[in-house]
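Student: Here is my input, please return the structure:
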Amino acid sequence: MPPRPSSHTAEQQPQVIQISRLALLACGFVLLGVASPALAWPAAFGWMVVIPFLVGAWVLRVRTVVGPEGITARSAFSTRTLAWDELDGLRFPKRGWARARRTDGTEVPLPVVTFGRLPQLAAGSGGRITDPYAAAREAEAREQAADTVPDADVESK
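Tutor: Numbering: from 1, shown residues only. Next comes the predicted model:
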């Protein structure tokens, strides 16, 4: 259970997890690639010009937003919002994006969310989702702090 917000705590910002906008550059290259056959024989290949635009629209639309109210999963054709009390857990399959397990047993895919995005999920959830990397970062920071403090035995000699 996350701590209750007070006037002394910072406002929690929603985290938007989306496909990098650099993917639109790839759409431009695909457009250049399909332009030649489409211009050479428009009756047969003219429809191919639509493909890069469809992929670009998908890149711009697909995302997962994690905020204080819950998780919003936006796919190509639908948007689903899960409140925090509806969420039972997360599942990370070997391939593909994460899935949110609801309390009724159904699963909702979370577009673009992978195991590597857990720190971003944890930041947006306000402590409702734990960050497995945080413990490793804290242990590493303690090791570095211990290495910088000289030993008492070395100083006394």
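
Student: so how far is stretch 82-93 off the chain centroid?
Tutor: From the chain centre to the centre of stretch 82-93 is a distance of 14 Å (C-alpha atoms, centre = their mean, to the nearest Å).

Student: contacts for stretch 94-107?
Tutor: The contact list for stretch 94-107 (C-beta atoms under 8 Å, 6 or more residues apart in numbering) reads 71, 73, 82, 85-93, 108-115, 117. Where C-beta positions appear, they are placed from N, C-alpha and C, glycine not excepted.

Student: Tell me which of the residues you listed fall in strands.
Tutor: Among these, the residues falling in strands (DSSP state E) are 71, 73, 82, 87-91, 108-109.

Student: hmm, which of those are the buried ones?
Tutor: Among these, those scoring as buried are 71, 73, 82, 87, 90, 108 (criterion: 16 or more other C-beta atoms under 10 Å).

Student: With adjacent residues omitted, what lies nearest to the last one?
Tutor: In space, residue 108 comes closest to residue 100 once its chain neighbours are excluded; the distance is 4.7 Å by C-beta to C-beta, 6 or more residues apart in numbering.
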